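Engineer: Just a sequence and a predicted model for now, questions to come.
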Amino acid sequence: MIASLLSRVSSADIVTEPFPHVCIPDALPADLYAQLAAHYPGFDRIGWAGDRAPASNHRFQLSAWPAGNMPDMAPVWRNFLAYHASSAFFAQVVALFADHWPAALIERCGGSLLGHPMGLILRDRPSTGMIVQDARFEINTPVTGPASVSRGCHLDIPERLFTGLFYMRANDDTSRGGDLQLFRWRDAPTDITAFEQPDHAVEAVLTIPYRANQLVLFPQSINALHGVSMRHPTAHTRRYVFVTAELDRPWLAAAA
C-alpha cells in the first residue's frame, strides 16, 4: 500500500485565511519521498518541444492515465498515481474539508460529493454524471530568458472540486522564486474565468515556499485565488504533482 499524502493531516491543520487550505511539510515518509524523487520522470517523458529547446518557464504535464500505461514508469510511481487518482483518496479529501465545501457545489452534486460515478481525466472525459480525477506530473521548464511568472493570480476552472500541489523540488535546486501565493479579492469578484486576475482586483496575503515533500491542498471556491511568484533565471526545472478532481460540468459562479 502506498502512503497517502493525507496520512499526516487532520482538520486541525486547516488554515482558513485567505481561504481554507492545508500546507503540510514532510507530507510523505522520507524513504518513500526519496524513492519518488529518484524516479521523477525526465523532460523526455513529460514535455515535448520537437527539435527546439523548450520555451522558458513553460508548463508541461503528464496525466495519471497515460503515465500509468508507460512500461518504463517506476512501480512506486504507478502505485502513487493510482492511489491519488482513486475514489479512496477522493473520500479522504471530502472528509478533510467536510465543513468547508461551498454550498453551491454540494447543491450541484445533489447534496453529497460522495456516491457518484468516478473516472480518470483523459480516459473518461467527456462523460456525464461523473467526477473525474487526476494525479499528474507537472513541470515548469528552466527560466532561460528574463525573470517571469508562469501564471499569476487566478481561479482554477469552474469544473474543479479541489486543487492539490505536491512539491518535489530537487535537492540541488538553488533557484529563486516559483513559490505559491494565496490572494484575496479587494472588492467583489470580477471575471472569475480570466486567465489571470488584474492587480487592482486582488491582493497577496500569503506566500508558501516551493519546498520538497510539501503538500498544499484546498477546495475550489470563489475565494480560492492563487498564483506562482516570479521565477528568476535558472537552469533548474520546477517539479510537482498536481492532484485534482472535476465535475462533468461547471459549477462555480461569481455568486458561489
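Structural biologist: All right, it came through fine. Numbering: from 1, shown residues only.
Engineer: So the residue of the chain most remote from its centre, which state does it fall into?
Structural biologist: In the chain, counting by Cα atoms, centre = their mean, residue 51 sits farthest out from the average C-alpha position, at 29.3 Å. Three-state call for residue 51 (DSSP: H, G, I helix; E, B strand; the rest coil): coil.
Engineer: got a list of what it touches?
Structural biologist: Listed by Cβ atoms under 8 Å, 6 or more residues apart in numbering, residue 51 has no contact partners. To be clear about C-beta, it is placed using only N, CA and C from the backbone, and glycine gets the same treatment.
Engineer: If I look at it, what pLDDT would I see?
Structural biologist: The model reports residue 51 with a pLDDT of 75.
Engineer: How many neighbouring residues does residue 103 have?
Structural biologist: 8 (other Cβ atoms under 10 Å).
Engineer: correction: residue 144
Structural biologist: Residue 144 has 14 neighbours, counted by other Cβ under 10 Å.
Engineer: Grab the nearest non-local neighbour of it.
Structural biologist: Nearest non-adjacent residue to residue 144, counting by Cβ to Cβ, 6 or more residues apart in numbering: residue 56, 4.4 Å away.
Engineer: quick one on the thing from earlier: if I look at the residue farthest from the centre of the chain, how far off is residue 98?
Structural biologist: 51 Å (Cβ to Cβ, to the nearest Å).
Engineer: What distance do you get for residue 184 to residue 193?
Structural biologist: 18 Å.
Engineer: Looking at those two, which is more packed in?
Structural biologist: For residue 184 and residue 193, the more surrounded residue by other Cβ under 10 Å is residue 184, and the numbers stand at 15 against 11.
Engineer: just the strands in the protein please.
Structural biologist: 22-24, 59-62, 118-120, 131-140, 160-167, 180-185, 202-208, 214-219, 226-228, 238-246 (DSSP state E).
Engineer: The second one: how far from the chain's middle?
Structural biologist: Okay, so that is strand 59-62. 12 Å (Cα atoms, centre = their mean, to the nearest Å).
Engineer: what mean pLDDT would you report for it?
Structural biologist: Mean pLDDT, computed over strand 59-62, is 96.
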